[in-house]
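S.K.: what's the 3D shape of this:
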Amino acid sequence: MTAKYDLAAKCYRRQARYERACWWLERGVELVPLKPLSKHNQPGYGSHKARITTADFARKWFLNTDANLGIVLGDTMGLAVADWDNAQDYDAWRNGVGAAVETLTEQTARGYHAFFIGVHLPPANGNGCEFKTTGVCMAAPSVHSTGTVYRVVIDAPIAPLMEEQARLLFSFLSAKRLDHTRLDCKTPPRTLRKRTSEPPASLVQRIKDGRSIVDELESAGVTGWQRSGKNRVARCVFHQDESPSLWVNPASGLWGCNAVSCPAHDGRRAHDVINARALWHSISEREAIKQLADELFPPTRNTGKT
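M.R.: Modelled structure (predicted):
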């Protein structure tokens, strides 16, 4: 009887997470599967790595596994979350300036999450609240390591938050400079964001020319290559692969995985040697570029000899 009850409860929790995942996807929010009873990303996933963008992909993670549900903050929507770890701090805010706004709110293991969309604000802390605008946020009905299930307590639409209102609701944001280049939510932030200290294009190309994609994938454990036209195929090391679903084109240096449940799967584009290094080592692409550059082009040491 207990075993049947536990199985039914597990199925119910999975169904609830899957339905909530679809709810977020319908609103344009991309997802990240988290480890069970944890806030840590599943290997290969993250705000700057692989994400879940379709209901079919969500089904594989949230209906068929015990993965927790993570939502990606920022991006086009400018999704942000006000995170209180202490319920008393939240109550003080809610009974004060927070009474002026009604927005989607979830109860967490120790406090509350209140979600907002609109202006792209800088992250900040104050008054017992952490205002998060980037990264991944664990969302209901995920299960905390303590066994507490996150739950929706205010089932309202996510409230838009513009600059003036943000400063009224969260006074500690007044000390932060807002990024005015990203206030227009109709324009995807990827087209507006200006990155600094980007690696020069010539370095990226030198890395791609200097490091064979086959060698890089073999260093990650790929073996048993088979030919498939101009490509080679093998069992993928980024997921539990029962048949060869990883492919690589040695001539172009591109690769990918045909299994939609794989973190290396991306129906929109193929990967290169930099993506392979980043995905395998769970690092950013910038860190992967630095690693590969250090390996391929070590700095010349001055021996002092003339």
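S.K.: for the protein, what spans make up the strands?
M.R.: 31-34, 68-72, 80-84, 105-107, 112-118, 124-126, 129-132, 136-138, 151-154, 159-161, 226-228, 231-234, 246-249, 254-257 (DSSP state E).
S.K.: Save those strands as a markdown table, and put in mean neighbour count and distance to residue 204 too.
M.R.: To be clear about C-beta, it is placed using only N, CA and C from the backbone, and glycine gets the same treatment. Formatted as a markdown table, the strands of the chain follow (neighbours: other CB atoms under 10 Å; distance: least, CB to CB, whole Å):
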| stretch | mean neighbour count | distance to residue 204 |
| --- | --- | --- |
| strand 31-34 | 25 | 26 |
| strand 68-72 | 26 | 25 |
| strand 80-84 | 22 | 32 |
| strand 105-107 | 21 | 40 |
| strand 112-118 | 23 | 34 |
| strand 124-126 | 14 | 34 |
| strand 129-132 | 20 | 31 |
| strand 136-138 | 23 | 26 |
| strand 151-154 | 14 | 44 |
| strand 159-161 | 18 | 37 |
| strand 226-228 | 10 | 28 |
| strand 231-234 | 20 | 23 |
| strand 246-249 | 21 | 18 |
| strand 254-257 | 22 | 14 |
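S.K.: Residue 98 is nearest to which of these?
M.R.: Minimum separation from residue 98 across the strands of the chain (CB to CB) falls at strand 112-118, 7.6 Å.
S.K.: Which pLDDT value goes with residue 7?
M.R.: Looking at residue 7, its pLDDT is 76.
S.K.: Same check on residue 191?
M.R.: So, for residue 191, pLDDT stands at 29.
S.K.: same check, this time on the one 10 residues further on
M.R.: Residue 201 carries a pLDDT score of 55 in this model.
S.K.: Domain boundaries for this protein, per the record?
M.R.: Here the domain parsing of the chain from automatic domain parsing is 2-189, 201-296.
S.K.: Quick check: longest helix in the chain by residues?
M.R.: helix 2-26 (DSSP state H).
S.K.: buried stuff in that helix?
M.R.: 13, 14, 16, 17, 18, 20, 21, 22, 24, 25 (16 or more other CB atoms under 10 Å).
S.K.: Can you name the two of the residues you listed that sit furthest apart?
M.R.: Across these (CB to CB), the longest gap, 18.7 Å, separates 13 and 25.
S.K.: remind me which residues of the stretch 1-150 of the chain are low pLDDT?
M.R.: 1-5, 119 (pLDDT under 70).
S.K.: So what touches stretch 92-99?
M.R.: Contacts to stretch 92-99, defined as CB atoms under 8 Å, 6 or more residues apart in numbering, come from residues 84, 114, 127, 128, 129, 168, 169, 171.
S.K.: Also stretch 220-227?
M.R.: 214, 232, 233, 234, 235, 236, 237, 244, 246, 276, 280.
S.K.: do that again at 7 Å, thanks
M.R.: 232, 233, 234, 235, 237, 244, 246, 276, 280 (CB atoms under 7 Å, 6 or more residues apart in numbering).
S.K.: in the stretch 101-250 of the chain, which spans are helices?
M.R.: Taking DSSP state H, counting those that start in this stretch to define them, one finds helices in the stretch 101-250 of the chain at 163-169, 201-210, 213-219.
S.K.: Need those helices in JSON lines (columns: distance to residue 107).
M.R.: Compiled in JSON lines, those are given as follows (distance: least, CB to CB, whole Å):
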{"stretch": "helix 163-169", "distance to residue 107": "19"}
{"stretch": "helix 201-210", "distance to residue 107": "45"}
{"stretch": "helix 213-219", "distance to residue 107": "44"}
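S.K.: Please work out which of those helices is packed deepest.
M.R.: Compared across the helices of the stretch 101-250 of the chain, helix 213-219 shows the largest average neighbour count, a mean of 18 (mean count of other CB atoms under 10 Å).
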